[in-house]
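K.L.:
here's a sequence, model it:
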Amino acid sequence: MFKNSLLFLIIFVVTSCSYYLDINQCKSLGTIELICDLQNPEDFAKIPHEDSLVISQFAGLPELNEGRVLTGKLSKLNLDSRKVEDFEIKILENNNLGIGQDDCKPFKNLYPHGIDIFDNFSADTKNASPFLEEASLLAVVNHQEISSVEFFLVFPQFVNFSDRSKPTLIWVGCVSAPKKNTYFNDVVVYDSKGSFFATHQYDKDKRFFDLLVLNLFRFDSGYVYQWNYKNDFSIVPNSGGAWPNGIEMIGEDLYVNYRINGMISKFTGGIRKDFILRTYLNGGPDNVIAVGSDLWITGQDTDLGAIHCINEAVIQCPMPFFVIKADKSLNILEEYNFEDVSFGGASVAYPFKDEVFIGAYKSDRIGIFKR
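P.N.:
Sure thing, here's the model as predicted:
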């Protein structure tokens, strides 16, 4: 009986997504302006003191790439000019900044996912370069054999290095996941030593069938980790849920998106409050970014398109999506819903002037719409 029910659900999901438009061609249909020729621009982080974003060009899940493991990269998007430049990365090993774990070594390959910038960075070291006063700390989830969080110094455009003509990130440390099967999704940093909260979405050694069952029945699949230099890793109490995804902070409040639960949860002083954004099979929130005292929450408006997106021939996930602006108490201030446009499967949004820039976890483009 269980197997028959599961088969019915799989058939239902696959057949129900067949009506979506083919939007593989990176050409605007009139509603959304496009920036093309990217690889899965899954997450954004605002660079302090300039109108630019760091873009995580996500390596993608093997399930979305016919089983192949791709690498990714970090890029810079100028919000005024729409110009995208890839960052060069300089490794600063054996520094005395004390960021991350003492024994964590530089990565060999970069498979970026969620990112965050801590803009109140202050180097706690003697004889530090005066340039460090202008630096911010970028944290990047990296899906190596053992997942890690990589730390980079990022400098605003007005800081010029004589030996660098291109945008450059300086690697200064990292933290390896506590278990080999840990699958970090997103990260938020809360001090200059790189202390962070990160969502563990699911155990990455689970079979696809197991993940499908967790998804269909909304079973808890993961939780939130906290890491700091003194106490190493711990699990945030009462943080379990179905597909923990985007994570963000405003002050001491922690916000976590639970994709399959269709909700965002707020953690304040150890107390969790859940806010339902989408009911079951009507999608759920992917990523969340704090802009001042507001939150910008982005996700898919259906659960029916994800199976269709596994096909490698599908470049741009053809899923309806939403963007929500909410205050820190999670009152909805603005809401935008899209379908049958030249964009889908949205995962992140960032407002700039009278526009909103959107990225997606499986996509060759960034979209821009008028507010």
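
K.L.:
from now on I want contacts and neighbour counts done on CA atoms only, so please keep to that.
P.N.:
Noted.

K.L.:
please enumerate the strands of the stretch 101-250 of the chain.
P.N.:
112-118, 136-142, 148-154, 168-176, 184-189, 196-200, 223-228, 232-235, 244-250 (DSSP state E, counting those that start in this stretch).

K.L.:
could you give the angle of the second one to strand 196-200?
P.N.:
In other words, strand 136-142. 20 degrees (axes from the mean of the first three to the mean of the last three C-alpha atoms, to 10 degrees).

K.L.:
now the angle from strand 136-142 to strand 168-176?
P.N.:
60 degrees.

K.L.:
for strand 136-142, name the packing helices and strands.
P.N.:
strand 112-118, strand 148-154, strand 184-189 (3 or more C-alpha pairs under 8 Å, 6 or more residues apart in numbering; DSSP states H and E).

K.L.:
paired strands for it, with orientation please.
P.N.:
Here strand 136-142 is paired, per DSSP bridges, with strand 112-118 (antiparallel), strand 148-154 (antiparallel).

K.L.:
what's the closest of those to T182?
P.N.:
Nearest to T182 among those is strand 148-154; the distance by C-alpha to C-alpha comes to 9.2 Å.

K.L.:
how about residues contacting the closest one?
P.N.:
47, 99-100, 135-142, 168-177, 184, 187, 194 (C-alpha atoms under 8 Å, 6 or more residues apart in numbering).

K.L.:
report the inter-axis angle for it versus strand 184-189.
P.N.:
Going by the same axes, to 10 degrees, strand 148-154 makes 40 degrees with strand 184-189.

K.L.:
picking up where we left off before, of all the helices and strands packed on strand 136-142, which one is nearest Q316?
P.N.:
Using C-alpha to C-alpha, the helices and strands packed on strand 136-142 put strand 112-118 closest to Q316, at 17.4 Å.

K.L.:
partner residues bridging I170?
P.N.:
K90, L153.

K.L.:
what pLDDT does the model give it?
P.N.:
I170 carries a pLDDT value of 95.

K.L.:
which residues touch it?
P.N.:
Counted by C-alpha under 8 Å, 6+ apart, I170 has contacts I89, K90, I91, L92, F152, L153, V154.

K.L.:
could you pick out the buried ones from the residues you listed?
P.N.:
The neighbour-count test (16 or more other C-alpha atoms under 10 Å) applied to those identifies F152, L153, V154 as buried.

K.L.:
any idea how far H49 is from the last one?
P.N.:
Taking C-alpha to C-alpha, to the nearest Å as the measure, V154 falls 11 Å from H49.

K.L.:
and if you look at L34?
P.N.:
25 Å.

K.L.:
got it, and L330?
P.N.:
Applying C-alpha to C-alpha to L330 and H49 gives a distance of 27 Å.

K.L.:
pick out whichever of these two has more residues nearby.
P.N.:
A side-by-side neighbour count of L330 and H49, using other C-alpha atoms under 10 Å, places L330 first with 16 against 12.

K.L.:
specify the beta-bridge partners of I358.
P.N.:
Beta-bridge partners, per DSSP bridges, of I358: A349, G367.

K.L.:
rewinding a little: okay if I get the buried ones among the contacts of I170 as JSON lines plus pLDDT and distance to S293?
P.N.:
Output for the buried ones among the contacts of I170, formatted as JSON lines (pLDDT from 0 to 100; distance: C-alpha to C-alpha, whole Å):
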{"residue": "F152", "pLDDT": "98", "distance to S293": "25"}
{"residue": "L153", "pLDDT": "96", "distance to S293": "25"}
{"residue": "V154", "pLDDT": "95", "distance to S293": "23"}
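
K.L.:
looking at those, which is nearest A123?
P.N.:
Set against A123, the nearest of the buried ones among the contacts of I170 by C-alpha to C-alpha is L153 (10.7 Å).

K.L.:
do you know how far that closest one is from G251?
P.N.:
In terms of C-alpha to C-alpha, L153 sits 22 Å off from G251.

K.L.:
cool, T71 as well?
P.N.:
Counting by C-alpha to C-alpha - T71 and G251 are separated by 34 Å.

K.L.:
ditto for K362
P.N.:
For K362, the distance to G251 - C-alpha to C-alpha - is 31 Å.

K.L.:
ok, now D37?
P.N.:
In terms of C-alpha to C-alpha, D37 sits 36 Å off from G251.

K.L.:
could you do H308 as well?
P.N.:
39 Å.

K.L.:
give me the more crowded residue out of those two.
P.N.:
Between H308 and G251, H308 has the larger neighbour count (other C-alpha under 10 Å), namely 20 against 10.

K.L.:
just give me the neighbour total for the closest residue to K204 other than its chain neighbours.
P.N.:
Take K204 and drop its neighbours on the chain: the residue closest to it by C-alpha to C-alpha, 6 or more residues apart in numbering is N181, 5.0 Å away. Neighbour count of N181, defined by other C-alpha under 10 Å: 16.
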